[in-house]
Every structure is written in C-alpha cells, then in structure tokens.
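[1] Take a look and give me a structure for this.
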Amino acid sequence: MKSTSKAYLVGGGIGSLAAAAFLIRDGAMPGSQISILEAGSLMGGSLDGAGDADRGYSMRGGRMLTTDNYECTWDLFKSIPSLTRPGRSVFDETVEFNEKHVSNAMARLVDRRRAKVPVASMGFSMHDRLELLQLANAEESTLGTSCITDHLSPAFFKTEFWFMWATTFAFQPWHSAVEFRRYLHRFMLEFSRIETLAGVKRTVLNQYDSLVVPLQHWLQAQGVRLVPDCTVTDLDHKTVDGKFTVIGLHCTLKGQSETLILEDGDLVVVQNGSMTDASSLGSMSAAPARLSKAHNGSWTLWEKLAEGRPSFGRPAVFNSCVAQSDWASFTVTLKDTAFFDQMQRFSGNEAGTGGLVTFKDSSWLMSIVLAHQPHFANQPAGVQVFWGYGLFPDRVGNFVAKPMADCTGAEILEELCGHLRFDLQTMATANCIPCRMPYITSMFMPRAPGDRPLPVPPDTRDFAFVSQFVEIPQDTVFTVEFSVRAAQMAVYQLLGITKPIPPVTPHDKSMQARFEALVKALK
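    Numbers count the residues shown, from 1 in each chain. This is a model prediction of the structure:
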C-alpha cells in the first residue's frame with residue numbers, strides 16, 4: 001500500500017466502522033484517506049436505535065454480548081474513549097456497568113398459565129442427550145447443508161433447553177446444523193447458565209448509543225469521511241495479474257449519480273448482504289409494510305459481484321426464502337411505571353437484571369426484555385422503554401386472531417398482556433412500534449463450503465468483504481463479534497499486518513466448561 005492510498009468502505013455498519021478503526025490504529029492509515037459510504041441516513045447498520053419520548057423509540061434488535069468471548073470486539077473498544085467517562089474506554093465503562101447490573105433471570109420461561117417454568121432441568125431425555133452429543137461432536141464437513149431437524153428428533157424441540165437456547169440466539173429448527181454446532185462450541189460457557197443468562201453482558205445504553213456513537217465520534221476525530229445517503233450500485237474493475245481489482249465506484253449520492261475513480265493501491269471493502277435489508281416499521285395503528293430485497297437493494301451489489309465469480313459466494317443461498325429467515329420485533333415506549341412495576345413483581349427481577357422473558361406457549365414464540373433505564377441517550381426521566389420479538393411472525397396469535405407480521409402496535413400489546421394476564425390499562429401510555437425483518441436470520445440458512453466468501457477472496461487485489469456473510473472458521477454469525485473479527489482479518493490481510501488477531505477462545509476445550517455443560521445436560 002502506498003502512503004497516499006485511500007480506502008473506500010461500502011456500507012456503514014459495525015463491520016465498516018471497525019475496519020476504519022483498524023486501518024487507523026493498526027495500519028497507520030490517516031483517517032482523512034478513509035471514506036465510509038452508507039446508503040441510509042445514519043451509520044451503524046443493524047446496530048440502530050432512534051426516536052424520542054413523543055414519537056416513540058425504536059430499535060430493530062440488540063445483539064447479545066459477553067466478555068468471555070468477543071475477543072476482537074473488546075480489543076477494538078479498549079481503544080475507543082467513552083463519551084461519558086473521561087479517561088475510560090467503552091470497554092471499561094461496559095465492564096463497570098455489568099459489575100453493578102448482574103444478569104440473573106428468574107422468569108426465563110413462562111407458560112400458558114402465566115406460571116414461571118422451572119428450568120433447573122433442561123428437559124432432556126437420554127435420546128435427546130445422545131443426539132445433541134452426536135451433533136456437537138460431528139465434523140462440519142459431514143454436516144453439509146443439513147438442518148438442525150436432520151439431527152435432532154421432534155421431542156428435542158419441546159425441551160426447556162431448546163426454548164431458552166433458540167430464543168437467546170434466534171435459532172429456528174430449519175436453520176443450519178453447522179451454525180448450531182458452532183454455537184454449541186463457541187458458547188459452551190452459556191450452556192450451563194442459559195436459564196439465568198448470567199453470561200450475557202449489556203451496554204450502558206442501547207448498542208447504537210453505546211457502541212456506534214463513540215466509535216463514530218472517534219473516527220470523525222481522526223478525519224474519517226462519513227458519507228450518508230450514498231448507495232454504491234456497481235464497481236468498475238480490471239484484472240491485474242489474474243486478480244480482480246476495483247478501479248471505480250458507481251454511486252447514487254442524495255439522488256445524484258456519481259462515479260469515483262480509484263487509483264492504484266486504493267482499498268475497497270464491501271459489506272455484502274444485509275440481515276436488516278427491507279425491514280419496515282409500523283405504528284400503534286398500522287402494521288409494518290411487507291417489503292422485499294427489491295425495495296432497498298442491499299443485496300444487489302453482492303449479487304452483481306458474485307455472478308460468474310465462485311470465490312465471491314452465493315447470495316441466493318441466504319436471501320431466497322423469506323419464510324425461513326424473517327421475524328418481527330417491537331419497541332415499547334411508556335410514560336408511566338405501571339408496566340415495569342408489575343413486571344418486577346411478577347418476575348422478581350429489576351429492569352436490567354432479568355434478560356429475556358419467553359412465553360413458551362405463545363404461537364408467535366414471543367419474548368420481551370426490560371433493560372436498565374434509561375436505554376436511550378435522550379430518554380427523559382419518567383419514560384421507560386422495553387423491546388421484544390417473535391420468532392414465528394406468520395402464525396396467528398393466542399389472543400389476537402392475526403399473524404404477528406400483520407399486527408399493529410396496539411394488537412401486539414394486547415397479545416402481550418394476554419400472556420401476562422395484565423390489564424391493558426398497564427399499557428395506557430404505551431407507544432408500541434412494530435418492525436418486520438424479512439432477512440434477519442438469513443445468515444443461519446443451511447449452507448455449503450464456498451457459499452460465503454472469505455473476507456479477502458484469493459483472486460482479488462486490494463479488495464475485501466466484511467459482513468455477516470463471510471466465512472470465518474469457528475466463529476458464529478449474528479454477533480457483533482463476527483463483523484468486527486471479519487473487519488480485523490480483512491484489514492490485517494490487505495495491509496500485511498503481522499500483529500496477531502485475538503483468537504477465538506477455546507472454551508469448548510476447557511475441562512471445567514465441558515464438565516459444567518455435562519452436569520447441566522444430565523439434570
């Protein structure tokens with residue numbers, strides 16, 4: 001790389017933001033030579049959080065964090081200053097917050113009688129244990145494109161373990177057996193504490209305010225050029241020594257077509273695909289619109305690049321079956337404490353200590369989580385916010401005779417109060433904003449080797465992919481860590497950085513972790 005080389009990062013999600021930080025911190029690239037081109041109006045991608053007390057807050061989701069894993073994420077955020085704690089890093093403030101607010105869920109599962117389900121036992125039969133052990137010990141090469149249901153019997157999907165594991169990580173029975181196996185290994189520590197979610201760590205506020213905003217602030221201070229409302233529609237390229245090399249970017253910037261001409265040695269990093277593509281919001285009186293990938297176009301660039309290039313992966317594997325990759329979420333803004341007070345009495349948990357509450361007999365498989373308040377940077381005193389989601393948005397509700405995806409915010413609150421046996425008056429001040437996400441678990445779709453490209457495909461020059469749709473052995477998608485690790489791998493390979501990348505911690509090799517998991521499985 002020449003000292004004058006520039007870097008163009010296509011997409012403003014956490015992967016691109018992290019890549020920019022690694023280019024500066026470890027690659028010594030001046031921030032002024034880095035541009036992040038984002039189709040939306042804000043950076044952060046799927047780590048979003050917006051709104052206010054009057055219009056209502058909204059966030060599409062929140063990724064699970066843990067300080068026992070997430071090696072690359074915390075390596076990065078140890079370098080990013082806190083915006084609220086002078087002299088401290090984002091990592092420091094996150095650790096301190098979690099020392100004060102420890103997860104110990106006391107109402108992880110709730111049944112149709114509104115009774116808290118005992119979860120000391122995982123509910124396994126000996127047959128379930130043997131099948132799970134066989135899947136966990138299988139080699140990935142033997143699993144191919146098989147689904148979880150190809151390895152586990154129907155009874156397994158009625159166990160307490162499945163309800164807790166599936167709703168913690170958003171697995172569906174038809175998802176990839178390879179990915180499920182990776183989760184069993186990567187998060188073995190969580191197996192023995194899945195009923196309390198003791199291993200889950202939270203950011204001080206939502207992840208946009210706590211992770212994206214300080215990282216963006218630091219990048220801007222380094223001179224990084226953040227370009228919103230800029231959609232990259234195509235790449236001009238040439239072949240140099242048999243390698244794909246980008247020479248131009250075609251963009252639509254605020255509605256106007258532009259072409260950026262690249263010079264020799266310039267880097268291009270593309271976020272291929274998007275799990276929140278075509279997501280839509282509703283309101284108290286309207287259901288979210290049903291959109292497809294044709295509406296936003298986040299998949300289009302990858303589809304163009306992958307055509308005729310096997311090393312660039314196969315996007316159709318992930319975006320061709322919305323029925324198997326969608327679910328719906330909702331964010332509720334309250335202007336009194338009635339609901340939070342009643343939930344604390346019912347669950348035994350103060351907000352911010354309980355994790356997910358899952359209604360196991362819900363036809364939507366609905367879960368909610370009450371975070372520590374405030375959850376947004378601009379949230380006034382007296383306003384409270386919680387989030388929830390359903391894994392089966394196409395099914396008719398237990399109390400509302402409509403599929404979740406077709407429900408208004410008011411109807412979702414009616415369904416929730418039905419499961420909790422709460423009077424709807426506890427929601428008298430509520431503003432519920434539903435969200436439909438057709439591709440949210442698309443990265444879990446069954447896949448074969450080669451369906452996901454490597455962060456730096458072998459037949460490219462100065463080019464990389466960074467997203468949830470690249471291949472990283474051992475690591476697990478649908479995590480912040482996966483995007484950050486992909487970014488670090490891409491930057492280090494592009495720049496020839498020899499500093500070691502933090503390895504995936506082999507908790508599955510720990511005798512203590514394996515023993516604790518075994519004890520839990522035998523209960």
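
[2] Once you drop chain neighbours, what's closest to Gln207?
    What sits nearest to Gln207 in space, not counting adjacent residues and going by C-beta to C-beta, 6 or more residues apart in numbering, is Leu47, at 4.6 Å. Quick note: C-beta positions are derived from backbone N, CA and C, even for glycine.

[3] Could you pick out the longest helix of the protein?
    helix 480-495 (DSSP state H).

[4] contacts for whatever helix or strand comes next after it?
    Later in the chain than helix 480-495, the nearest helix or strand by DSSP states H and E is helix 511-522. Under the contact criterion C-beta atoms under 8 Å, 6 or more residues apart in numbering, helix 511-522 has outside partners Met122, Phe124, Arg129, Leu132, Met188, Leu189, Phe191, Ser192, Ile194, His507, Asp508.

[5] Show me what counts as buried in the helix or strand hosting Phe346.
    Taking DSSP H and E as the definition, Phe346 sits inside helix 338-347. Of the residues in helix 338-347, Ala338, Phe339, Phe340, Met343, Gln344, Phe346, Ser347 count as buried by neighbour count, 16 or more other C-beta atoms under 10 Å.

[6] ok so, going back, just the buried positions in the longest helix of the chain, please.
    By neighbour count on 16+ other C-beta under 10 Å, the buried set for helix 480-495 is 480-492, 494-495.

[7] Which positions within the helix-or-strand element of the chain with minimal mean pLDDT qualify as buried?
    When each helix and strand of the chain is scored by mean pLDDT, DSSP states H and E, helix 293-296 comes last, with a mean of 80. Residues of helix 293-296 classed as buried by neighbour count (16+ other C-beta under 10 Å): Lys293, Asn296.

[8] What would that helix look like as CSV? C-alpha coordinates only.
    Taking Å, rounded to 0.1, in the frame of the first residue of the first chain, the C-alpha atoms of helix 293-296 are listed here in CSV:
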residue,chain,number,x,y,z
LYS,A,293,-35.0,-7.1,-1.2
ALA,A,294,-36.1,-5.2,-4.3
HIS,A,295,-37.1,-2.3,-2.1
ASN,A,296,-33.7,-1.5,-0.5
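
[9] wait, isn't Phe346 in contact with Ala107?
    Yes - the pair Phe346 / Ala107 is scored as a contact, 6.8 Å apart, by C-beta atoms under 8 Å.

[10] now Gln425: how far from Gln342?
    Per C-beta to C-beta, to the nearest Å, Gln425 is found 10 Å from Gln342.

[11] Same check on Ala377?
    From Ala377 to Gln342 the distance is 27 Å (C-beta to C-beta).

[12] before we move on, what about Lys520?
    31 Å.

[13] which SS class is Trp387?
    Secondary structure for Trp387, judged by DSSP: H, G, I helix; E, B strand; the rest coil, is strand.

[14] how would you label the residue lying closest to it once chain neighbours are set aside: helix, strand or coil?
    Closest residue in space to Trp387, ignoring its immediate chain neighbours: Thr331 at 5.2 Å, by C-beta to C-beta, 6+ apart. When classified by three-state DSSP, Thr331 comes out as strand.

[15] Check whether Thr331 really touches Met59, as I assumed.
    Yes - counting by C-beta under 8 Å, Thr331 does reach Met59; the two are 5.6 Å apart.

[16] Looking at the two, which one has more neighbours?
    Between Thr331 and Met59, Thr331 has the larger neighbour count (other C-beta atoms under 10 Å), namely 27 against 23.

[17] per-residue confidence at that one?
    For Thr331, the pLDDT comes out at 98.

[18] Who does it form a beta bridge with?
    Beta-bridge pairing for Thr331 (DSSP bridges): Trp387, Ile433.

[19] Tell me which residues touch it, please.
    Contacts of Thr331 (C-beta under 8 Å, 6+ apart): Gly51, Gly56, Tyr57, Ser58, Met59, Val385, Phe386, Trp387, Cys432, Ile433, Cys435.

[20] Repeat the analysis, applying 7 Å as the threshold.
    Tyr57, Ser58, Met59, Val385, Trp387, Ile433 (C-beta atoms under 7 Å, 6 or more residues apart in numbering).

[21] Also Glu38?
    Contacts of Glu38 by C-beta under 7 Å, 6+ apart are Gly11, Gly12, Val227, Pro228, Cys230.

[22] how far away is it from Ala487?
    Distance of Glu38 to Ala487, computed by C-beta to C-beta: 15 Å.

[23] you'd agree Val89 is up against Asp75?
    Val isn't right for residue 89; it's Ser. No - contact criterion C-beta atoms under 7 Å: Ser89 and Asp75 do not qualify, at 11.0 Å.

[24] Would you state the strands of the stretch 1-150 of the chain in chain order?
    With DSSP state E, counting those that start in this stretch as the criterion, the stretch 1-150 of the chain has strands at 7-10, 34-37, 50-52, 56-58, 109-110.

[25] Tell me which of these sits most buried.
    Mean neighbour count (mean count of other C-beta atoms under 10 Å) peaks for strand 7-10 among the strands of the stretch 1-150 of the chain, with a mean of 26.

[26] roughly how far is that one from the heart of the chain?
    Chain-centre distance of strand 7-10: 22 Å, with C-alpha atoms, centre = their mean, to the nearest Å.

[27] What helices and strands are in contact with that strand?
    Here strand 7-10 touches helix 14-25, strand 34-37, strand 267-270, going by 3 or more C-beta pairs under 7 Å, 6 or more residues apart in numbering; DSSP states H and E.

[28] For Gly409, which of these is the nearest?
    Closest approach to Gly409 among the helices and strands packed on strand 7-10 is made by helix 14-25 (27.6 Å; C-beta to C-beta).

[29] which residues sit against the closest one?
    Helix 14-25 is contacted from outside by 7, 9, 29, 31, 34, 36, 43-45, 47, 76, 79, 212, 215-216, 219, 222, 224, 269, 271, 466-467, 480, 483-484, 486-488, 490-491, using C-beta under 7 Å, 6+ apart.

[30] Give me the next element, helix or strand, following the least confident helix or strand of the chain.
    Counting by DSSP H and E, what follows helix 293-296 is helix 300-306.

[31] Let's test this: mean pLDDT of that following helix, rounded?
    Per-residue pLDDT over helix 300-306 has a mean of 96.

[32] elements contacting it?
    Contact here means 3+ C-beta pairs under 7 Å, 6+ apart; on that basis helix 300-306 packs against strand 230-240.

[33] what does the helix or strand just after the strand it packs on contact?
    For strand 230-240, the succeeding helix or strand toward the C-terminus, using DSSP H and E, is strand 243-253. The set of residues external to strand 243-253 that reach it, using C-beta under 7 Å, 6+ apart, is 8, 37, 229-239, 258-262, 268, 459-463.

[34] What of stretch 66-75?
    Residues contacting stretch 66-75 (C-beta under 7 Å, 6+ apart): 91, 95, 186, 189, 199-201, 480-481, 484-485, 488, 501-505.
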